[in-house]
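fold the following and give me the result.
(one chain, ligands or ions: 2)
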Amino acid sequence: MAKVKKAYFCKNCGFEAPKWLGKCPACGEWNSFTEEIIAKESGSIPAAVANVPAAKPQRVSEIQQSDRKRIDLGNAELNRVLGGGLVPGSLILLGGEPGIGKSTLSLQIALAPNGLKTLYVSGEESAEQIKLRASRIGIANEDCIVYTETLLENIVAQIDEQQPDIVIIDSIQTIYTELIESSAGSVSQIRECAATLLKYAKSTATSIFIIGHITKEGNIAGPKILEHIVDVVLQFEGDSNNIYRILRGIKNRFGATFEIGVFEMLENGLREVDNPSAILLTHYDEPLSGISVGASVDGIRPYLIEVQALVSNAAYGTPQRNATGYDNRRMNMLLAVLEKRVGMKMFSKDVFLNFAGGFRVSDTGLDLAIAAAVISSYFDRPINEGICCAGEIGLSGEVRPAPKNEQRIAEAARLGFKKIIVSAYLPKPPKDVKGIEVVRISSAAQLPKALFTE
Ligand code: TYD
Ligand code: MG
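Ligands and ions are numbered 1, 2, ... in the order given. Prediction:
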């Protein structure tokens, strides 16, 4: 009998060790190691997997560059996040928390009228369940094949037989290969299955989407271990109580990362939102304090977003500081700057910060808008109508130019804003955009005046 071979894997990053460790030396996570059996029976490699053709070394000048174009998926937001369409032969990881809409989005790709042959492999739902979902979304592609299977060898054989343009694997945590003894969803299974799919995608120019669940507790091996294997990592985020979803490009070997796509989850699937500013700005009948508008840029796309702050007297000695969708430390830094440079007494105040639509932001160009919302709530005074902000704040209170300033100003003008507050230190004066007044300030201390005077 073959000796059982075991190894220990970190569930967070996939680090392999011969014995159990309390702390992962690679990612620093505690208590993340699990034992897995990885014994291989010789001669059991199925033909479909073993036959993946081997590559040959070749001179760079002799490499044939295929003239294959990017595939239009028939979905503008998705094309944008992929960097202008799907590259044939790419392996794409679509990650997200359960219930966020990964299966819906991927089934929509499979059913879109894009003239492609698609194979939707599900290890999670029955064919009837998928049909039910497909009927809700609408079936616009007759060439979509649904296959409920979890054994990788069978899936690869079907890809061979069906020759689809796009394959969707829902999800990587449910499929397994017979080459490895550990159960589906374990680190070694996920890694092996993904590696086989990668080889397959490259050698046959089939694009493969693999769906990976992310859990907060991390009790299943997460997509983190796959990030370096795949070509593109997309993360589907959003608050499941809210209808808006953001598809974020985290890694892209074929284009820019940090591109975002915005969707709305409706009764009949996900709808593309081509003008996110429209949903991120609320129109109030009367001006309210604590609300400001920031001009932000994600990737190459500018959008305006409403920032909401609440500053109130702290009931306890240590004030509460709570930011939803924003880095708490960055908010604390901004509050400290307001205390020291603007003279606001923040030490006795609770501060809560929020963004419209449950958005998560990390753009430092929103510093000025966040400071504006806090100032407005602190003084309980609404900001004058039609003002928005774009700029970074430094530790000494200086207002620095935000990246891609001109796009922010243009977007604010397009949406009918009258005034935009920016940094006085712009490298070159922004081109005069028609219909918007550009107010330049050099320090945070000048912000209240800019916000409250006509
Ligand atoms: P799902 O795609 O199953 O999420 P995941 O695969 O990421 O776990 O999405 C589930 C949620 O989406 C579910 O709560 C129902 C909702 N939904 C709609 O609101 N509209 C629809 O048309 C569909 C298909 C789902
Ligand atoms: Mg699902």
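
what's next to the host helix or strand of V156, contact-wise?
Taking DSSP states H and E as the criterion, V156 maps to helix 152-162. The contact list for helix 152-162 (Cβ atoms under 8 Å, 6 or more residues apart in numbering) reads 46, 48-49, 117, 119, 121, 145, 147, 149, 167, 169, 175-178, 193, 196-197, 200, 204, 206. Every residue, glycine included, has its C-beta placed from N, CA and C.

the next helix-or-strand element following it pairs with which strands, parallel or anti?
Sequence order places strand 166-170 as the next helix or strand after helix 152-162, per DSSP H and E. Looking at strand 166-170 with DSSP bridges, its partner strands are strand 118-122 (parallel), strand 207-213 (parallel).

what angle sits between strand 166-170 and helix 152-162?
Here strand 166-170 points in a direction 160 degrees away from that of helix 152-162 (axes from the mean of the first three to the mean of the last three Cα atoms, to 10 degrees).

same question for strand 166-170, mean pLDDT?
Per-residue pLDDT values across strand 166-170 average out to 95.

hey, C-alpha coordinates of it in PDB?
Extracted in PDB, the C-alpha atoms of strand 166-170 (Å, rounded to 0.1, in the frame of the first residue of the first chain):
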ATOM      1  CA  ILE A 166     -16.000  30.700 -22.100                       C
ATOM      2  CA  VAL A 167     -16.200  28.400 -19.200                       C
ATOM      3  CA  ILE A 168     -17.600  29.300 -15.800                       C
ATOM      4  CA  ILE A 169     -16.700  27.200 -12.700                       C
ATOM      5  CA  ASP A 170     -19.100  27.900  -9.800                       C
END
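
not counting that strand itself, show me its contacts.
Residues outside strand 166-170 that contact it (Cβ under 8 Å, 6+ apart): 71, 86, 102-103, 106-107, 109-110, 116-125, 155, 159, 175, 197, 206-211.

about what we covered before: and the helix holding V156, which residues are buried?
152-159 (16 or more other Cβ atoms under 10 Å).

for stretch 87-101, same thing?
Within stretch 87-101, the residues scored as buried using 16+ other Cβ under 10 Å are 87-97, 100-101.

and the next helix or strand past the helix or strand bottoming out on mean pLDDT in the chain?
Ranking every helix and strand in the chain by mean pLDDT, DSSP states H and E puts helix 47-50 at the bottom, with a mean of 54. Note on helix 47-50: by DSSP H and E, the next helix or strand toward the C-terminus is helix 76-81.

buried sites along that next one?
77-81.

before we move on, back to that, which among the contacts of helix 152-162 count as buried?
46, 48-49, 117, 119, 121, 147, 149, 167, 169, 175-177, 193, 196-197, 200, 204, 206.

about what we covered before: filter the contacts of strand 166-170 down to the ones near ligand 1?
102-103 (Cβ under 6 Å from any ligand atom).

show me how far the strand ranked longest in the chain is from its chain's centre.
Longest strand in the chain, counting residues (DSSP state E): strand 301-313. Strand 301-313 sits 20 Å away from the centroid of its parent chain (Cα atoms, centre = their mean, to the nearest Å).

C-terminal to it, which secondary structure element comes first?
strand 321-323.

show the average pLDDT along that next one.
Mean predicted lDDT for strand 321-323 stands at 93.

could you do stretch 64-79 as well?
According to the model, stretch 64-79 has a mean pLDDT of 82.

could you do stretch 10-29 as well?
Mean per-residue pLDDT for stretch 10-29: 86.

from the middle of its chain, how far away would it be?
Put simply, stretch 10-29 sits 26 Å off its chain's centre (Cα atoms, centre = their mean).

what residues sit buried inside it?
For stretch 10-29, the buried set under the neighbour-count rule, 16+ other Cβ under 10 Å, comprises 10-15, 24, 29.

can you narrow those residues down to the ones near ligand 1?
Of those, not one also sits near ligand 1 (Cβ under 6 Å from any ligand atom).

and those residues as JSON lines, adding distance to Q320?
Listed next are those as JSON lines, based on distance: Cβ to Cβ, whole Å:
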{"residue": "C10", "distance to Q320": "35"}
{"residue": "K11", "distance to Q320": "33"}
{"residue": "N12", "distance to Q320": "30"}
{"residue": "C13", "distance to Q320": "34"}
{"residue": "G14", "distance to Q320": "38"}
{"residue": "F15", "distance to Q320": "37"}
{"residue": "C24", "distance to Q320": "33"}
{"residue": "E29", "distance to Q320": "29"}
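
just these: which are in helices?
Here DSSP state H is the test, and the buried residues of stretch 10-29 give no hits in helices at all.

tell me which two in those are the farthest apart.
Across these, the longest distance by Cβ to Cβ is 11.1 Å; it joins G14 and E29.

which stretches in the stretch 1-150 of the chain count as strands?
Using DSSP state E, counting those that start in this stretch, the strands assigned to the stretch 1-150 of the chain run over residues 6-10, 16-17, 33-37, 91-96, 118-122, 144-148.

ligand 1 contacts on the stretch 201-350 of the chain?
Within the stretch 201-350 of the chain, the positions lying close to ligand 1 (Cβ under 6 Å from any ligand atom) are 265, 267-269.

could I get the residues you listed as CSV with pLDDT, secondary structure and distance to V230?
Rendered in CSV, the data for these read as follows (pLDDT from 0 to 100; DSSP: H, G, I helix; E, B strand; the rest coil; distance: Cβ to Cβ, whole Å):
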residue, pLDDT, secondary structure, distance to V230
M265, 90, strand, 25
E267, 90, coil, 32
N268, 90, coil, 30
G269, 90, strand, 25
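
and the helix ranked longest in the chain, what's buried?
As assigned by DSSP H, the longest helix anywhere in the chain is helix 187-204. For helix 187-204, burial by neighbour count (16+ other Cβ under 10 Å) applies to 187-194, 196-202, 204.

quick one: that helix to strand 33-37, angle?
Here helix 187-204 runs at an angle of 70 degrees relative to strand 33-37 (the same axes, to 10 degrees).

can you name every helix or strand that helix 187-204 contacts?
With contacts taken as 3 or more Cβ pairs under 8 Å, 6 or more residues apart in numbering; DSSP states H and E, helix 187-204 sits against strand 6-10, strand 33-37, strand 91-96, helix 152-162, strand 207-213.

how far away from the center of its chain is that helix?
Centroid displacement of helix 187-204 relative to its chain, using Cα atoms, centre = their mean, is 23 Å.

that older thread, intersect the buried residues of stretch 87-101 with the contacts of ligand 1.
96, 100-101.

can I get the residues you listed in CSV including pLDDT?
Formatted as CSV, these follow (pLDDT from 0 to 100):
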residue, pLDDT
G96, 88
I100, 89
G101, 92
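
check the buried residues of stretch 87-101 and tell me the two furthest apart.
P88 and E97 (29.6 Å).

counting neighbours, what do you get for I246?
22 (other Cβ atoms under 10 Å).

show me what contacts the closest residue to P448 other than its chain neighbours?
Among residues not flanking P448 along the chain, I375 sits closest, at 5.5 Å (Cβ to Cβ, 6 or more residues apart in numbering). Going by Cβ under 8 Å, 6+ apart, I375 touches 338, 342, 344, 447-448, 451.

thank you kindly, that will do.
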